[in-house]
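Student: 3D, please:
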Amino acid sequence: MTQSSNNGQQTPSSLTHSELLRHLHAVSPYLPGFIYQLCRTPDGQFQYTYTSSRLEQLFGVTQQQVAEDANLLLKMIHPDDYQRVINESIECAETGSAWHSEFRMLVKGGETIWIEAYDTPIRETDGTIIWTGYGNDITQRKNYETALNKSENKFRAFVENANDIIYSLSLDGILTYASPNWTEILGHPLNEVIGRHFEHFVHPDDVPACHSFLQQVRHSRQKHSGIEYRIRHLHGHWCWHRSNAAPLFDKNDIVDSYTGIARDITEHKLLMQRMSHMAHHDTLTGLPNRASFTEHLNQAIVLSQREEQVVAVLFLDLDNFKPVNDQHGHAIGDLLLQQVANRIRQCLRGADVVGRIGGDEFVVLLQNVHHLANAQQTAEKICECLSIPYEVDGKILHIGVSIGIALYPLHGSNAMQLVRYADEAMYEAKKMPDRVQVYASPPLGVGSTKQEEPNQDDLSAKSADDQG
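Tutor: Now for the predicted structure:
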């Protein structure tokens, strides 16, 4: 017996295999990654029953080639990662749990790329295992992470041999010596440094840590390193320093002072901040990228579980952006996307988050939503704001937006589900006059019309049920 939604449309359980493939084929060109379905027969043979078109662009093999020989793709997994990936996939199939992994693949031409993949296994009664999932190229993010690690390791090695500022302190923290580098690096004349307490130069928030560090040196009677603190430049701004310190002893072998070496690490700190920002943000708009948005969403879900709150995810897809981009060029399109990002920000509260996850796709996280109507009102506000004409490089441009909405815990229990369901609702929204659609939660099915708004008691009850 098939189920149907309240507008008569088919639910996923009633769709034929060919219809599901047709839907996947229609959606896949708009995704940054690729969709796949992999089967493992009881005799251990693998077969890809579906792969999306993005596969050929990433790996240089056609969908037909992969369908005829699954090993063609599986053997591209890096030898050092292959067994782990296979074992993890089979283990998840045994337990029925979702699979998530990051691994390397050797594509045609010898290039190594990083793939992040998610899938859900299903075990059939005859022992066949079917994995349906999504993969994406995360090579750029991995390169940023590698650069961060290399920079950190290089910096540590450099600091151990640094000889920038040499200083001496009395036990009560008075500077008794500072090398001439102090003036070169921090600007203060030495006659204004010697005889002053270090607290005069160190940021007030860092003073307690510096005192604790010196006490460790004194009581251990050994050299310590690794203290980082801000120190005031003559011109008033703060510089980051990293220092070591060693105890000095009097003739009775009692610690009577300290000596150490400090290095200016301000540029390193700024570089780390920039690289961290690049690894977590879209370079064009400055918005959180998919990975960063997912982190925000996971945190919001944890908070909502603890405080019994409701979280909303809005999936935005710009209407008429592609024709504008094709007609006026990518440079104009990029400027337009920056204006779109700014307008979305202006429609949100301080605690809300907007991210860019694709060419003209954005996602919004609304925290502590009291009513479904609140999320709908925000979506309608965004629709209205983005429909106002744009002036870009002397040109007046017109675009719109379609928005899908999904709620936690009403529609999904994790970040991946919420984004997917909001995405599905967005495609339905494109058929609606107001361009806003709420995901119809099971068992009504994906593709239903806007469902009746639950009241606050409904949302709270659902949240309490999820708490168990």
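Student: tell me the strands beside the strand or helix carrying Ile130, with direction?
Tutor: Using DSSP states H and E, Ile130 sits within strand 129-137. According to DSSP bridges, strand 129-137 forms sheet pairs with strand 34-40 (antiparallel), strand 112-123 (antiparallel).
Student: which one of the ones you listed is the most hemmed in?
Tutor: strand 34-40 (a mean of 21; mean count of other Cβ atoms under 10 Å). (Glycine included, C-beta is placed from N, CA and C.)
Student: re the thing from before, what is the rounded mean pLDDT of the strand holding Ile130?
Tutor: Averaged over strand 129-137, pLDDT sits at 90.
Student: in CSV: the strands paired with strand 129-137, plus distance to Ile388 and mean pLDDT.
Tutor: CSV is the format used below for the strands paired with strand 129-137 (distance: least, Cβ to Cβ, whole Å; pLDDT from 0 to 100):
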stretch, distance to Ile388, mean pLDDT
strand 34-40, 35, 88
strand 112-123, 37, 91
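Student: Cys210: which of those is closest?
Tutor: Closest to Cys210 of the strands paired with strand 129-137, according to Cβ to Cβ: strand 112-123, at 40.7 Å.
Student: OK, contacts around Asn181?
Tutor: The contact partners of Asn181, taken as Cβ atoms under 8 Å, 6 or more residues apart in numbering, are Asp164, Ile165, Ile166.
Student: strands of the stretch 201-350 of the chain, start to end?
Tutor: For the stretch 201-350 of the chain, the strands defined by DSSP state E, counting those that start in this stretch cover 224-232, 238-249, 255-264, 311-319.
Student: deepest-packed of those, please.
Tutor: strand 311-319 (a mean of 25).
Student: what lines up beside that strand in the sheet?
Tutor: Note on strand 311-319: by DSSP bridges, its sheet partners are strand 361-366 (antiparallel), strand 400-408 (antiparallel).
Student: only C-alpha atoms, please: export it in PDB.
Tutor: Extracted in PDB, the C-alpha atoms of strand 311-319 (Å, rounded to 0.1, in the frame of the first residue of the first chain):
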ATOM      1  CA  VAL A 311      16.100  25.500  15.500                       C
ATOM      2  CA  ALA A 312      15.200  26.400  11.900                       C
ATOM      3  CA  VAL A 313      17.300  25.900   8.800                       C
ATOM      4  CA  LEU A 314      16.500  28.000   5.700                       C
ATOM      5  CA  PHE A 315      17.900  26.800   2.300                       C
ATOM      6  CA  LEU A 316      18.100  29.700  -0.200                       C
ATOM      7  CA  ASP A 317      18.500  29.400  -4.000                       C
ATOM      8  CA  LEU A 318      18.700  32.600  -6.100                       C
ATOM      9  CA  ASP A 319      16.200  32.900  -8.900                       C
END
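Student: now that strand: mean pLDDT?
Tutor: 96.
Student: and what of stretch 356-363?
Tutor: Averaging pLDDT along stretch 356-363 yields 94.
Student: and if you look at stretch 206-226?
Tutor: pLDDT averaged over stretch 206-226 gives 96.
Student: over to stretch 249-259?
Tutor: 96.
Student: now do the end-to-end distance for that stretch.
Tutor: Stretch 249-259 has an end-to-end distance of 11 Å (criterion: Cα to Cα, to the nearest Å).
Student: could you do stretch 179-191 as well?
Tutor: 11 Å.
Student: next one: it to chain centre, how far?
Tutor: 42 Å (Cα atoms, centre = their mean, to the nearest Å).
Student: can you give me the buried ones in it?
Tutor: Ser179, Asn181, Trp182, Thr183, Ile185, Leu186, His188 (16 or more other Cβ atoms under 10 Å).
Student: distance-wise, check Met278 relative to Glu361.
Tutor: Going from Met278 to Glu361 by Cβ to Cβ, to the nearest Å gives 20 Å.
Student: between those two, which one's more packed in?
Tutor: More neighbours surround Glu361 than the other of Met278 and Glu361, with 19 against 16 (other Cβ atoms under 10 Å).
Student: list the residues that contact the more buried one.
Tutor: Counting by Cβ under 8 Å, 6+ apart, Glu361 makes contact with Tyr30, Phe315, Leu316, Asp317, Leu318.
Student: what about 7 Å?
Tutor: Leu316, Asp317 (Cβ atoms under 7 Å, 6 or more residues apart in numbering).
Student: Glu384 versus that one, what's the distance?
Tutor: Here the distance between Glu361 and Glu384 works out to 19 Å (Cβ to Cβ).
Student: which residues does stretch 169-178 contact?
Tutor: 165, 167-168, 190, 193-199, 256-258.
Student: rerun at 8 Å
Tutor: With Cβ under 8 Å, 6+ apart as the criterion, stretch 169-178 contacts 165-168, 190, 193-199, 211, 214, 218, 245, 255-260.
Student: could I get the buried residue list for it?
Tutor: Buried residues in stretch 169-178 (16+ other Cβ under 10 Å): Leu169, Gly173, Leu175, Ala178.
Student: SS state for the first one?
Tutor: If I follow you right, that is Leu169. Here Leu169 takes the strand state, with states given by DSSP: H, G, I helix; E, B strand; the rest coil.
Student: what bridges to it?
Tutor: Leu175, Tyr258.
Student: pLDDT at it, what is it?
Tutor: The model reports Leu169 with a pLDDT of 97.
Student: what's the separation between it and Glu192?
Tutor: On the measure of Cβ to Cβ, Leu169 and Glu192 end up 16 Å apart.
Student: first vs last residue of stretch 281-292, how far apart are they?
Tutor: Separation of the first and last residues of stretch 281-292 by Cα to Cα is 7 Å.
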